[in-house]
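# sequence and predicted structure below; questions after.
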Amino acid sequence: DAKTTQPNSMESNEEEPVHLPCNHSTISGTDYIHWYRQLPSQGPEYVIHGLTSNVNNRMASLAIAEDRKSSTLILHRATLRDAAVYYCILRDLNAGGTSYGKLTFGQGTILTVHP
Amino acid sequence: DSGVTQTPKHLITATGQRVTLRCSPRSGDLSVYWYQQSLDQGLQFLIQYYNGEERAKGNILERFSAQQFPDLHSELNLSSLELGDSALYFCASSLGGRGTGNTIYFGEGSWLTVV
């Protein structure tokens, strides 16, 4: 699986935007960029995913660089509930064999939101 | 609520014992994944089943085994338990199938403490 690099931690103030970066310089053409987050004592939850174009949903926006070697998860107005570990994951959905769409988690970015 | 149900939520057992963790996937999901999360290892993929068949294997110990039943629920069996097996075990599910890009939904986990 292609690897991603994220900062260990980031901090934000409540109601301010947060930009969480992710580098994935070895991304392949069939890798989708997925973001999951894990709140304390809970299972990971899906946030957003994309392939080439920027994506928006009710939770966040995903900005993907033109060369796809990096991406940024954008939380438009952080709330205290957004404090979590955010994982940027590449998922090769056309892979056979042992990959088969599973998620491989790295260390993620610990986001702290201050009131 | 992700729709993935895991039981038990908490389990304390002694070294050398055997336990079974149970998972009911979201309605309609054919793929089930098992993950282990410990403080020092992060989220580790163990195994994946799709419609009753094993499809991908991660760092699952030989003392651990899993299966997916015809009604699509899954069980993770952990035997000859050691102190180091103490962790949070997550089950996740998705519609599954190659190239579908289906979101993976996680349960709330089963906390296993081995004493």
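Nice, I can see it.
# so what's the residue of chain A found nearest chain B closest to, chain neighbours aside?
Using Cβ to the nearest Cβ, the single residue of chain A nearest to chain B is residue A:43, 3.2 Å away. The way it works is simple: take the backbone N, C-alpha and C, and place the C-beta from them, glycine included. Nearest residue to residue A:43, sequence neighbours excluded (Cβ to Cβ, 6 or more residues apart in numbering or on different chains): residue B:106, at 3.2 Å.
# report how many residues lie close to the one you found.
23 (other Cβ atoms under 10 Å in any protein chain shown).
# beta partners of residue A:64?
Beta-bridge pairing of residue A:64 under DSSP bridges involves residue A:71.
# how about residue A:9?
residue A:110.
# and for it, the neighbour number?
11.
# tell me how far the residue nearest to residue A:43 lies from residue B:3.
10 Å (Cβ to Cβ, to the nearest Å).
# now do stretch B:83-91: everything it contacts.
Residues outside stretch B:83-91 that contact it (Cβ atoms under 8 Å, 6 or more residues apart in numbering or on different chains): A:43-44, B:4, B:6, B:15, B:21, B:23, B:25, B:32-38, B:41, B:43, B:74, B:76, B:78, B:106-107, B:109-115.
# could you rerun that using 6 Å?
The contact list for stretch B:83-91, computed with Cβ atoms under 6 Å, 6 or more residues apart in numbering or on different chains, reads A:43, B:4, B:6, B:21, B:23, B:34-38, B:106-107, B:109-114.
# just the buried members of those?
In those, burial by neighbour count holds for A:43, B:4, B:6, B:21, B:23, B:34-37, B:106-107, B:109-112, B:114, counting by 16 or more other Cβ atoms under 10 Å in any protein chain shown.
# and which of these is nearest residue B:48?
The closest of the buried ones among the contacts of stretch B:83-91 to residue B:48 turns out to be residue B:34 (Cβ to Cβ; 7.7 Å).
# next up, the contacts around the closest one.
Counting by Cβ under 6 Å, 6+ apart, residue B:34 makes contact with B:46-47, B:66, B:76, B:91.
# what sits against the residue in chain B positioned nearest to chain A?
For chain B, the residue closest to chain A is residue B:106, as judged by Cβ to the nearest Cβ, at 3.2 Å. Counting by Cβ under 6 Å, 6+ apart, residue B:106 makes contact with A:43-44, B:2, B:90, B:92.
# can you check residue B:115 too?
residue B:14.
# same deal with residue B:12?
residue B:113.
# how about the secondary structure of it?
strand (DSSP: H, G, I helix; E, B strand; the rest coil).
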